[in-house]
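Asker: What shape does this take:
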Amino acid sequence: MLHNSSFLRCLIGSQLKPAGSAAAAAIWLRQPRQRCSLSSAAAAATAGPATAEIRYPDGKLRRLSCAWLRFNCRCADCHNAATRQRVISPATALAAGKSPPRLSQLPDSSGVRLDWSDGHMTEFAYSQLESLLSPDGGGSCRGRSLWTRSAGHPFEGTSAIRPVPLSELESAPSGLRTVLRNLWSCGVATVTGVEATEAATEAAVRQVAPVMPSLFGGMWTFTADGSRQDTAYGSDAIGVHNDTTYLHNGAGLQVFHVLEPAPVGGDTCLADGFQAAETLRQENAAHFHLLASAPVFHQYQEFEAGQPTHHTRCLDTVLKLDPESGGSLYQIRFNPYDLDSLAAVPQAEVAAYLAAYAHLSEILNRPESQVWLSLRPGTVILIDNWRLLHGRSGFSGRRVVSGCYVSRDDWTSRARVTGVL
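Answerer: The predicted structure follows:
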């Protein structure tokens with residue numbers, strides 16, 4: 001089955017001819033310590049454990065495994081187009097890929113046909129091959145705008161994001177796309193005109209993505225009453241941090257709606273963790289590497305009448321690198337409040353680890369790294385918890401905040417469906 005895509009359009013040249021013709025496309029056999037070149041042509045394939053080489057008409061060369069080519073066949077016998085799920089097994093692909101296929105061009109000159117030794121036939125457009133080789137995984141760099149207070153941030157000047165009125169979010173596709181685009185680009189989005197209640201806050205969030213259940217419930221509304229054993233349920237200042245570092249799949253979005261602002265204090269602080277990590281990389285590459293390679297435990301515990309009611313724990317690195325995009329950052333998990341005893345760090349490396357952690361903390365707490373906001377009733381703020389860190393100033397008096405979490409998978413799914421990613 002041939003799928004057309006706008007990802008890449010290649011027109012095959014006249015040098016690739018149908019199989020069986022006098023100028024049939026070459027098959028290069030690459031075995032270990034051995035290479036047989038039959039001729040120079042626009043496309044070639046190899047078999048078994050070696051690579052397959054497909055050269056596009058524009059000269060671009062792809063070295064592909066024959067097993068990979070068979071594994072990614074999109075015919076009805078190998079792939080269910082309705083469910084977009086694979087039918088062919090890895091073992092079948094591996095066995096078939098041990099023999100080189102016969103290669104010919106498609107009738108419309110848009111791609112290649114592979115005839116396998118077991119009688120199976122696969123067709124690929126060049127654009128389809130590129131799409132299969134470069135899937136959109138939501139890589140960390142594309143479309144991201146890192147920021148600091150001094151170098152343009154999302155709340156002032158030409159870099160300011162556009163707040164989205166709730167009416168637009170509810171009625172126009174552009175509203176949802178703007179929220180998602182702001183989240184992906186800057187790590188934060190705001191929705192205005194929301195009634196100052198938990199129910200209205202939830203309704204606004206659900207226009208973006210479902211609410212993520214957590215040990216705090218789905219939606220939550222809290223004051224400084226100490227009802228939960230978490231620093232958020234007090235009135236002290238809280239330094240910038242990421243939430244849910246104690247979960248293996250931490251919350252993707254952190255949502256806040258200040259229903260009643262405090263008479264004094266209680267402002268919200270934001271910092272771009274990706275920008276801070278890049279600054280760390282530039283200032284001390286060894287510190288960056290240590291935080292990206294040495295896993296540490298974060299945990300959260302709650303007790304009732306002296307008995308544990310919740311205990312979540314996760315082992316992971318503070319900086320997580322994306323293998324798809326060549327090692328760029330795709331998540332930061334910084335929370336000194338929930339950081340455990342460093343039991344997973346070898347004793348000989350503890351001092352070095354703490355130095356790296358302290359360096360990142362110092363960068364995050366530089367004045368130029370932080371933006372302070374006075375949130376007011378009616379404005380819901382959504383924060384990318386995998387990228388931005390948040391904190392607050394201490395306050396006095398009554399302060400009521402409603403909010404929730406949204407999973408990373410849910411909001412990035414909406415971003416793909418709406419064309420933002």
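
Asker: lowest-pLDDT helix or strand in this structure?
Answerer: Least confident helix or strand of the chain, by mean pLDDT, DSSP states H and E, is strand 34-36 with a mean of 28.

Asker: Next secondary structure after that one?
Answerer: strand 52-55 (DSSP states H and E).

Asker: packing partners for that following strand?
Answerer: strand 61-64, helix 66-71 (3 or more CB pairs under 8 Å, 6 or more residues apart in numbering; DSSP states H and E). (Each C-beta comes from the backbone N, C-alpha and C, glycine too.)

Asker: Mind listing the strands that strand pairs with, and their directions?
Answerer: In the sheet containing strand 52-55, its partner strands are strand 61-64 (antiparallel), by DSSP bridges.

Asker: Could you pull out the buried residues of the strand it pairs with?
Answerer: For strand 61-64, burial by neighbour count (16 or more other CB atoms under 10 Å) applies to L64.

Asker: average pLDDT for it?
Answerer: The pLDDT scores in strand 61-64 average 85.

Asker: want to throw the helices and strands packed on strand 52-55 into CSV with distance to R387?
Answerer: Putting the helices and strands packed on strand 52-55 into CSV (distance: least, CB to CB, whole Å) gives the following:
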stretch, distance to R387
strand 61-64, 33
helix 66-71, 33
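
Asker: can you tell me which of the ones you listed comes nearest to G218?
Answerer: G218 lies closest, by CB to CB, to one member of the helices and strands packed on strand 52-55: helix 66-71, at 40.2 Å.

Asker: Check what contacts the next helix-or-strand element following that closest one and list those residues.
Answerer: On the C-terminal side of helix 66-71, the closest following helix or strand by DSSP H and E is strand 79-80. Outside of strand 79-80, the residues within contact range by CB atoms under 8 Å, 6 or more residues apart in numbering are M1, C73, Q85, R86, V87, I88.

Asker: same check, this time on stretch 270-285
Answerer: By CB under 8 Å, 6+ apart, stretch 270-285 touches 140, 144, 146-148, 153, 187-188, 240, 242, 287-288, 291, 319, 329, 332, 334, 356, 359-360, 363-364, 369-371, 373, 383, 387-391.

Asker: Need the per-residue pLDDT for G266.
Answerer: So G266 comes in at 96 (pLDDT).

Asker: Repeat that for S140.
Answerer: 49.

Asker: Can you list the low-confidence ranges for the stretch 51-200 of the chain?
Answerer: Counting by pLDDT under 70, the stretch 51-200 of the chain contains low-confidence ranges at 51, 135-142.

Asker: which sections of the stretch 301-421 of the chain are below the confidence cut-off?
Answerer: Scanning the stretch 301-421 of the chain for pLDDT under 70 picks out 325-326.

Asker: can you do 80?
Answerer: For the stretch 301-421 of the chain, residues meeting the criterion pLDDT under 80 lie at 323-327.

Asker: ok, which stretches of it are strands?
Answerer: 307-316, 319-322, 328-332, 370-373, 380-384, 388-392, 395-396, 400-406 (DSSP state E, counting those that start in this stretch).

Asker: JSON lines please, covering the ones you listed and showing distance to G266 and mean neighbour count.
Answerer: Formatted as JSON lines, the strands of the stretch 301-421 of the chain follow (distance: least, CB to CB, whole Å; neighbours: other CB atoms under 10 Å):
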{"stretch": "strand 307-316", "distance to G266": "26", "mean neighbour count": "14"}
{"stretch": "strand 319-322", "distance to G266": "30", "mean neighbour count": "19"}
{"stretch": "strand 328-332", "distance to G266": "25", "mean neighbour count": "22"}
{"stretch": "strand 370-373", "distance to G266": "11", "mean neighbour count": "18"}
{"stretch": "strand 380-384", "distance to G266": "14", "mean neighbour count": "26"}
{"stretch": "strand 388-392", "distance to G266": "6", "mean neighbour count": "23"}
{"stretch": "strand 395-396", "distance to G266": "3", "mean neighbour count": "16"}
{"stretch": "strand 400-406", "distance to G266": "9", "mean neighbour count": "24"}
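
Asker: Could you say which one of these comes nearest to G252?
Answerer: The nearest among the strands of the stretch 301-421 of the chain, by CB to CB, is strand 400-406 at 5.6 Å.

Asker: Run the angle between the closest one and strand 380-384 for me.
Answerer: Orientation note: strand 400-406 sits at an angle of 40 degrees relative to strand 380-384 (axes from the mean of the first three to the mean of the last three CA atoms, to 10 degrees).

Asker: ok so, going back, quick one: which of the strands of the stretch 301-421 of the chain is nearest L106?
Answerer: Proximity to L106 (CB to CB) singles out strand 319-322 among those, at 34.1 Å.

Asker: And the strands of the stretch 301-421 of the chain: which comes nearest L180?
Answerer: L180 sits nearest to strand 380-384 of all the strands of the stretch 301-421 of the chain, at 9.6 Å, using CB to CB.

Asker: Can you list the strands that the closest one pairs with?
Answerer: Note on strand 380-384: by DSSP bridges, its sheet partners are strand 188-192 (antiparallel), strand 253-260 (antiparallel).

Asker: C-terminal to the shortest one, which secondary structure element comes first?
Answerer: Read in the C-terminal direction, the helix or strand following strand 188-192 is helix 198-206, with elements assigned using DSSP H and E.

Asker: what sits up against that next one?
Answerer: Residues outside helix 198-206 that contact it (CB under 8 Å, 6+ apart): 166, 169, 191, 194, 211, 218-219, 221, 255, 257, 259, 380, 382, 402-404, 406.

Asker: by contact count, what packs against the following helix or strand past it?
Answerer: Per DSSP H and E, helix 198-206 leads on to strand 220-222 as the next helix or strand towards the C-terminus. The contact analysis (3+ CB pairs under 8 Å, 6+ apart) places strand 220-222 against strand 400-406.

Asker: roughly how far is stretch 331-341 from the heart of the chain?
Answerer: When C-alpha coordinates are averaged (CA atoms, centre = their mean, to the nearest Å), stretch 331-341 and its chain have centres 19 Å apart.

Asker: Quick one: end-to-end distance for it.
Answerer: 22 Å (CA to CA, to the nearest Å).

Asker: ok, and for it, which residues are buried?
Answerer: Q331, I332, R333, F334, N335, D338, L339.
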